[in-house]
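Visitor: give me a model of this one.
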Amino acid sequence: MDHHVAYSLGAAYAQLGQPAQAVAWLEKAADSGFPCYPWYARDPLLQSLQGDPAFNRLLSDLKDRLQLARTQYR
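Guide: Take a look at the predicted model:
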């Protein structure tokens, strides 16, 4: 599945108040080509997920990936 579609589904589920489904789709988006930590952390469509433990784990993982990429490609 295209990562843009997966991200959009995750954002839609977040807006519908279904955090488990939202995070599942956001994880698919990240794993299929869109691991952009700053976007996930700042997207207003995902604001309702702030404080959700699964979303916080995803953000932490994405932040770690970003830091690793920064050290590998400098």
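
Visitor: quick one: the helices in this structure?
Guide: 3-15, 19-31, 37-42, 53-72 (DSSP state H).

Visitor: mean pLDDT added to the ones you listed, as a markdown table?
Guide: Shown next, in a markdown table, are the helices of the chain (pLDDT from 0 to 100):
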| stretch | mean pLDDT |
| --- | --- |
| helix 3-15 | 98 |
| helix 19-31 | 98 |
| helix 37-42 | 97 |
| helix 53-72 | 95 |
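
Visitor: neighbours around Leu66, how many?
Guide: 14 (other Cβ atoms under 10 Å). (C-beta placed from N, C-alpha, C; glycine too.)

Visitor: one more: the one 5 residues further on?
Guide: Other residues near Thr71 come to 8 when the count uses other Cβ under 10 Å.

Visitor: what does Gly17 give?
Guide: By other Cβ under 10 Å, the residues close to Gly17 number 9.

Visitor: residues contacting it?
Guide: Ser48 (Cβ atoms under 8 Å, 6 or more residues apart in numbering).

Visitor: repeat that for Tyr40.
Guide: Tyr40 neighbours (Cβ under 8 Å, 6+ apart): 26, 30, 46, 58-59, 62.

Visitor: most neighbours, which of these?
Guide: Going by other Cβ under 10 Å, Leu26 tops the contacts of Tyr40 with 28 neighbours.

Visitor: thinking that residue is in contact with Ala12, fair?
Guide: No: counting by Cβ atoms under 8 Å, Ala12 is not a contact partner of Leu26; they are 10.9 Å apart.

Visitor: if we can go back for a sec, can I get the contacts of Tyr40 in a markdown table including distance to Ala69?
Guide: Converted to a markdown table, those look like this (distance: Cβ to Cβ, whole Å):
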| residue | distance to Ala69 |
| --- | --- |
| Leu26 | 19 |
| Ala30 | 13 |
| Leu46 | 21 |
| Leu58 | 17 |
| Leu59 | 16 |
| Leu62 | 11 |
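
Visitor: all set now, cheers.
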